[in-house]
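1. My questions are about this predicted structure, shown below with the sequence.
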Amino acid sequence: MWPVVLVSSLGCFLLKLTGQSVPQRLLDNPKVRHIAALLPVSLLAALVAVQTFASGQSLVLDARVAGVAAGAVALILRAPFLVVVIVAGVVAAGLRYWGLAA
């Protein structure tokens, strides 16, 4: 197990070093700035989609979907982020508690 940990650590260090070695002129490019600004949003959206609709290798529609939908409605209504998370959690937990969703 230690060889895997050491190789992974070295890989992370080299990846970080590569990021530090990028020339400033490349970072000042407007297209690169635009992509860098959108990348975290797209990765978070992908994570939410996978965690909401997947269970192992199968597609699942359960209380998580209703929770994300309720959170989306709260976002559309411009609720603060903490309220969005609480609304999504309460809806999903409520549906599971009342036996309306798995």
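-> It's in. Remember, predicted model here, so these are calculated numbers, not experimental data. Residues are numbered from 1 along each chain as shown.

2. how deep is Val68 tucked in, by neighbour count?
-> For Val68, the count of nearby residues is 18 (other C-beta atoms under 10 Å). The way it works is simple: take the backbone N, C-alpha and C, and place the C-beta from them, glycine included.

3. Only the buried residues of stretch 69-78, if you could.
-> Using 16 or more other C-beta atoms under 10 Å as the test for burial, stretch 69-78 gives 70-71, 74.

4. For Tyr97, give me the pLDDT.
-> We have a pLDDT of 95 for Tyr97.

5. What about the buried residues of stretch 69-78, which are in helices?
-> 70-71, 74 (DSSP state H).

6. With pLDDT and distance to Pro23 as new columns, can those residues be given to me in CSV?
-> Shown next, in CSV, are those (pLDDT from 0 to 100; distance: C-beta to C-beta, whole Å):
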residue, pLDDT, distance to Pro23
Ala70, 97, 46
Gly71, 96, 40
Ala74, 97, 43
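
7. Return the closest of the residues you listed with respect to Phe13.
-> Among those, Gly71 lies closest to Phe13 (C-beta to C-beta), at 36.8 Å.

8. Show the contacting residues for the nearest residue to that closest one once chain neighbours are set aside.
-> Of all residues not flanking Gly71 in the chain, Ala88 sits nearest, at 3.5 Å (C-beta to C-beta, 6 or more residues apart in numbering). Shown in contact with Ala88 (C-beta atoms under 8 Å, 6 or more residues apart in numbering): 67-68, 70-71, 74.

9. just Val60 next, same as before
-> Residues near Val60 by C-beta under 8 Å, 6+ apart: 53-54.

10. Could you report the pLDDT at Ala63?
-> 93.

11. burial of it, as a residue count?
-> By other C-beta under 10 Å, neighbour count at Ala63 equals 18.

12. From Ala45, how far off is Gln51?
-> Separation of Gln51 from Ala45 (C-beta to C-beta, to the nearest Å): 11 Å.

13. whoops, Ala70 was the one
-> Look at Ala70 and Ala45: by C-beta to C-beta, they are 17 Å apart.

14. Repeat that for Leu6.
-> Separation of Leu6 from Ala45 (C-beta to C-beta) stands at 33 Å.
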